[in-house]
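Novice: got a sequence here, can you build the structure:
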Amino acid sequence: MTEMVGKTAIMEIFKKEGVEYIFGLPGTTEVRFLDELTSHPELTYILAMHEDMVIAMAEGYTRASGKVSVSNLHTTPGLAAAMPTMLNAKHGGVPMIITAGQQDAQRLLVEPPLSGDLVGMAAPYVKWGHEIKYAHDIPIAFRRAYKVATTPPTGPVFLALPQDLLEQTADINYESALTKPIESRPDAEVVARAAEWLLASENPVMTLSYGVDRGDAMAEVVKLAELIGIPAFHGWMTDVNFPTGHVQQLGDSRGIKPLIGSPDVVLSIGGGAGIPVPPGAKTIHIDDDDWQIGKNEPVDAGICGSVKLSVADLTDAITQKMTDDVRKRIADRVEMIKGKKAGLVAALAKKMADENDNVPIAFSKLCKEIDACRPAKSTIFDDCWSYSRDLGDSMDYNDPKSYGRTRGGAIGAGIANAIGMALGNTDRKVIAVVGDGSAMWGNQALWTAAHYNIPVTIVVASNASYRILNRTKTIFLGPKVKDKKMPGFEFDEPRIDFTKMAEAMGVAAQTVLQPAKLKDALKKAIDSNAPELVEIHVDPTA
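Specialist: Numbers count the residues shown, from 1 in each chain. The predicted structure follows:
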């Protein structure tokens, strides 16, 4: 046992857990925390200019590095401001330790300014939360926080740190709760039943979601897909859960009906089916979160356990029962899938050729030139919502870290997510492709990139509108509103100048209007060892 003050104990725990960075935006309730931080040079503070960006950077860091991130917010207003990206982290199962300063616990009854029920505020967006009141509870609180964050289903946790806690003295002894995260194997009987259905299937499909990447299971998923000759589709693509250049990867789940027709078995891994399951079709759902299995639709075989182990067990069960007749049927199916893939590749090539010289610049042209300029070890971070399907389809993403997107629904985190990813994996060039609407939500992060010289490339696809609203209004209201102007959909008067905005925050920037100048501008920015922004005026109607 070692006697120390609370704030010192917290920093020593961070070092023992391998923390590199603390992401934050301070206020008066963080002064003691940051004063102590100056005595621990092993821990680097990353300052963001908005609390939403604090959490987005921390999330990006965790997803790139695989390490539990630590962030520090400013009591009630800071916690409230961070909730959009906390929602993203919770929805995406990102293991993070989120802390916030609290007023002196001995004065909370008099309701001092900025005090509040921090744990209650955080509750909808975290797996577990706690306000630590006594220094002797610091080790167990942080040990539990790390254990809860890293145990499937993984996710963020929250700890409130009252001011008096940081100055209390106690005997502190800290050891990590787990030397290795908990993994569980699935029910063998359910796995065997699923194997029988897949072996007998004439027209199966596989849908994939971020649970595959979160569980480091892509290699196992590819092995299973190749064994049974099943076409793979992603739902809302947020990670590389299956190599998009693979012959059996046929895009997102909207393509199932036109490409495959009506499946007789739907195998969903790491997330829901993403499609209405046809009557009579068998459904198999693999996930490490039992809440997700059968949550909305009936499931015939719910396989709950480590995604990596579950897919491996299913592959073994199928291998043991494989016959020559089944192999022949699988070979024929793979040939069909190859034909569908070839058709998709040809259609994309024609679209890119047809739109190559368009002015305003076509988004397909932007994708083509990014693809030509990106290094082999790079990550594209997608925050261009209405163009996301095009960005996912227009380039091959064949390793798990080559593409990322927010796993929740809150826009605007892309620049900050990319900064965190660049800090979490310095061997990769991170290129954020963001819409101008999203960039306005998260432009504060540009200052952080400049201040710490983080060499991210930010590509702003600027169309002076919320294009996703213009695309979806006809879905909601019908074709009669196609050309109807609606309030709040455009922001073209005045048009935002992202080059000036970036330069004001210390980031070199340029604007591109002509397709012939696009490649050189992108290459300069991507090759730079400093943060750079390229604003591209893209066609809002394409």
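Novice: buried set for the helix or strand containing residue 526?
Specialist: Assessed by DSSP states H and E, residue 526 sits inside helix 518-527. Applying a neighbour-count criterion of 16 or more other C-beta atoms under 10 Å, one finds 518-519, 521-522, 525-526 buried in helix 518-527. All C-beta spots, glycine's among them, are computed from the backbone N, C-alpha and C.
Novice: least trustworthy helix or strand in this protein by mean pLDDT?
Specialist: In the chain, the helix or strand scored least confidently by mean pLDDT, DSSP states H and E is helix 467-477, which has a mean of 87.
Novice: from the buried residues of helix 518-527, pick the one nearest residue 489.
Specialist: residue 518 (26.3 Å; C-beta to C-beta).
Novice: I'd like the next helix or strand past the longest helix seen in the chain.
Specialist: Assignment by DSSP state H gives helix 324-354 as the longest helix of the chain. Sequence order places helix 363-373 as the next helix or strand after helix 324-354, per DSSP H and E.
Novice: got the angle for that next one vs helix 518-527?
Specialist: 50 degrees (axes from the mean of the first three to the mean of the last three C-alpha atoms, to 10 degrees).
Novice: what strands line up against whichever helix or strand comes after helix 363-373, and which way round?
Specialist: Per DSSP H and E, the first helix or strand lying C-terminal to helix 363-373 is strand 378-383. Strand pairing for strand 378-383, using DSSP bridges, gives strand 403-405 (parallel), strand 429-435 (parallel).
Novice: got the ones you listed as TSV, with distance to residue 108 columns?
Specialist: Output for the strands paired with strand 378-383, formatted as TSV (distance: least, C-beta to C-beta, whole Å):
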stretch	distance to residue 108
strand 403-405	40
strand 429-435	40
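Novice: redo the ones you listed as TSV? Include mean neighbour count.
Specialist: As requested, those are arranged in TSV below (neighbours: other C-beta atoms under 10 Å):
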stretch	mean neighbour count
strand 403-405	26
strand 429-435	27
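Novice: looking at these, which is nearest to residue 464?
Specialist: strand 429-435 (10.5 Å).
Novice: quick one, helices of the stretch 401-542 of the chain?
Specialist: Here the stretch 401-542 of the chain has its helices, by DSSP state H, counting those that start in this stretch, at 414-424, 436-442, 445-451, 467-477, 498-504, 518-527.
Novice: now the ones you listed as a markdown table including distance to residue 360?
Specialist: Formatted as a markdown table, the helices of the stretch 401-542 of the chain follow (distance: least, C-beta to C-beta, whole Å):
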| stretch | distance to residue 360 |
| --- | --- |
| helix 414-424 | 21 |
| helix 436-442 | 13 |
| helix 445-451 | 24 |
| helix 467-477 | 12 |
| helix 498-504 | 15 |
| helix 518-527 | 11 |
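Novice: of all those, which one is nearest residue 395?
Specialist: That would be helix 518-527 among the helices of the stretch 401-542 of the chain, by C-beta to C-beta, at 13.1 Å.
Novice: residues in contact with the closest one?
Specialist: Helix 518-527 is contacted from outside by 361, 365-366, 369-370, 372-375, 378, 429, 431, 457, 459, 508, 510, 512, 532-534, 536, using C-beta atoms under 8 Å, 6 or more residues apart in numbering.
Novice: mean confidence score for that helix?
Specialist: Averaged over helix 518-527, pLDDT sits at 98.
Novice: okay, and for this structure, where does confidence drop off?
Specialist: Under the criterion pLDDT under 70, the flagged ranges of the chain are 1, 273-274.
Novice: who are the neighbours in contact with the most centrally placed residue in it?
Specialist: With the centre of the chain defined as its mean C-alpha position, the nearest residue by C-alpha atoms, centre = their mean is residue 406, 3.7 Å away. Residues near residue 406 by C-beta under 8 Å, 6+ apart: 88, 92, 238, 383, 413-414, 417.
Novice: again, only using 10 Å
Specialist: By C-beta atoms under 10 Å, 6 or more residues apart in numbering, the contact set of residue 406 is 56, 59-60, 84-85, 87-89, 91-92, 236, 238, 381-383, 385, 412-414, 417, 438.
Novice: surely residue 57 meets residue 418?
Specialist: Yes: if you go by C-beta atoms under 10 Å, residue 57 and residue 418 touch, sitting 9.0 Å apart.
Novice: joint contacts of these two?
Specialist: Taking C-beta under 10 Å, 6+ apart as the criterion, residue 57 and residue 418 both touch 445, 449, 454.
Novice: can you count the residues close to the closest residue in space to the second one that isn't next to it in sequence?
Specialist: Distance criterion C-beta to C-beta, 6 or more residues apart in numbering; nearest residue to residue 449, sequence neighbours excluded, is residue 531 at 3.8 Å. As a burial measure, the neighbour count of residue 531 was computed by other C-beta atoms under 10 Å and equals 29.
Novice: and the gap between residue 531 and residue 54?
Specialist: To residue 54, residue 531 is 18 Å away according to C-beta to C-beta, to the nearest Å.
Novice: now do the same end-to-end measure for stretch 480-489.
Specialist: Its start and end residues considered, stretch 480-489 measures 17 Å (C-alpha to C-alpha, to the nearest Å).
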